[in-house]
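Participant: Whatever this is, show me its structure:
(4 chains)
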There are 2 protein chains.
Amino acid sequence: MQPDTKTTLLDIAEKAARSRGFDGFSYGDLAQAAGIRKASIHYHFATKAVLSAALMDRYHAAVEQVCADIEATHQSAADRLAALVRFYRDALCGGETLCLCVAFTISRDSLADDVKDKIVAFRSMMTTWITALFELGKRDGTISAISAPAAEAHATLAMLEGAHLAAHAEHDLTAFDKATEVLLAR
Amino acid sequence: MQPDTKTTLLDIAEKAARSRGFDGFSYGDLAQAAGIRKASIHYHFATKAVLSAALMDRYHAAVEQVCADIEATHQSAADRLAALVRFYRDALCGGETLCLCVAFTISRDSLADDVKDKIVAFRSMMTTWITALFELGKRDGTISAISAPAAEAHATLAMLEGAHLAAHAEHDLTAFDKATEVLLAR
DNA sequence: GTCTATACTGCGATAGAC
DNA sequence: GTCTATCGCAGTATAGAC
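Facilitator: Numbering: from 1, shown residues only, chains lettered A, B, ... in the order given. Below is the predicted model of the structure:
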């Protein structure tokens, strides 16, 4: 079954937004990639603000689902952490695409208020989940030298997003691997 | 002594670029802030590519100087690391501005090739310097549990840049402090 | 749901007067 | 060194035919 136009547009827009940021893609770009006229996109997403809100909603839900899947398929904290790092690594697409939340953060001044709030909500969801991961790590002992789980979580999210930036800057996954080597060795 | 127009323009452009990314500011914005017409800016910087290259050159030299100053004024590895974190914290301007290298990385597709190279060169300069910091830390014992200095350096730069993103996303320095708490406790 | 056509604004950049 | 004026193009968005 073919995806409908709206979904296709979201897919294309997500790729574009994660590659070039909010200010770096236009309805014209999307139209060309989707094979329709740019005016037609307004039927599906009235404004770019509406489109970016839809992108964040879908992205938030998708990543939340990935976290749930990791919990279901990996028992130890160390395995879950490794799976999370692998997810971020795969999300890079060889250095082409960043986390949507990272890409939107730089264009923050161009975003609608509700989209800014969605970025904060996404980050909160992630740090909460990673905090729980480190709390498990303290109990099961599979991750070494955990201080405060919440502090570790904020540091870990920063490191993952920073590693994304590094790989994007060099268009090379090696940069991501170097930055996460210490994290994975714990 | 008043700074000349070219320096004023660089100052304004740096602030704008670090707040909103390469795609997020225009000659029109700079002209308004500088109190001249946008056509006049082309006299100082023929194209936006030339301007962004000048921004990266100046930024690279300035940060390199900061690192040298830290070496001159702080003896132990732990003190130097703390000073580096403090420098990144101050560079945030309360969450408004990012590291120029971070801000440009997202707009990478809009940059001239030589500017992309300057980003890579900046990152290389930083990781080299931080690697030396951790090598000193292994010798003087003021930083705990150092594995491979180079790996620690890549992880640390990622964490600092990720912490910058976090603070920018929330427009709140608290996010930076949370992300660097673990780093400073070492 | 997609099209053509268009309105309006802003962009980077150039030419030439002063 | 800065100005006015302008070019050519791309941006988001809308109106209305099909």
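Participant: does DNA strand C sit close to stretch A:5-14?
Facilitator: Yes: using CB under 7 Å from any atom of the strand, stretch A:5-14 reaches DNA strand C at A:5-6. From N, CA and C alone the C-beta is placed, and that goes for glycine too.
Participant: does A:Asp29 really touch A:Ala17, like I thought?
Facilitator: No: with contact defined as CB atoms under 8 Å, A:Asp29 does not reach A:Ala17; the gap is 10.4 Å.
Participant: Which one of the two is surrounded by more residues?
Facilitator: A:Ala17 (24 against 15; other CB atoms under 10 Å in any protein chain shown).
Participant: and the helix or strand hosting the more buried one, what's its mean pLDDT?
Facilitator: Take DSSP states H and E as the rule and A:Ala17 turns out to sit in helix A:5-20. Averaging pLDDT along helix A:5-20 yields 98.
Participant: Kindly report the same for stretch A:94-104.
Facilitator: Mean predicted confidence for stretch A:94-104 is 98.
Participant: contacting residues for A:Ile143?
Facilitator: Listed by CB atoms under 8 Å, 6 or more residues apart in numbering or on different chains, the contact set of A:Ile143 reads A:77-78, A:81, A:134, A:137, A:186.
Participant: Would you mark the buried spots in the helix holding A:Ala17?
Facilitator: A:8-10, A:12-20 (16 or more other CB atoms under 10 Å in any protein chain shown).
Participant: does any part of it sit near chain B?
Facilitator: Yes: residues of helix A:5-20 contacting chain B under CB under 8 Å from any CB of the partner chain: A:19-20.
Participant: ok now that helix, how far from the chain's centre?
Facilitator: Remark: helix A:5-20 is offset 14 Å from the chain centroid, using CA atoms, centre = their mean, to the nearest Å.
Participant: which residues does A:Asp177 contact?
Facilitator: Contacts of A:Asp177 were listed using CB under 8 Å, 6+ apart, and they are A:Arg89.
Participant: The residue lying closest to A:Phe176 once chain neighbours are set aside and DNA strand C, how far apart?
Facilitator: In this structure, A:Phe176 finds its nearest non-sequential neighbour in A:Ala167, 4.0 Å apart by CB to CB, 6 or more residues apart in numbering or on different chains. In this view, A:Ala167 and DNA strand C are 27 Å apart by CB to the nearest atom of the strand, to the nearest Å.
Participant: Now do the SS call for A:Ala167.
Facilitator: helix (DSSP: H, G, I helix; E, B strand; the rest coil).
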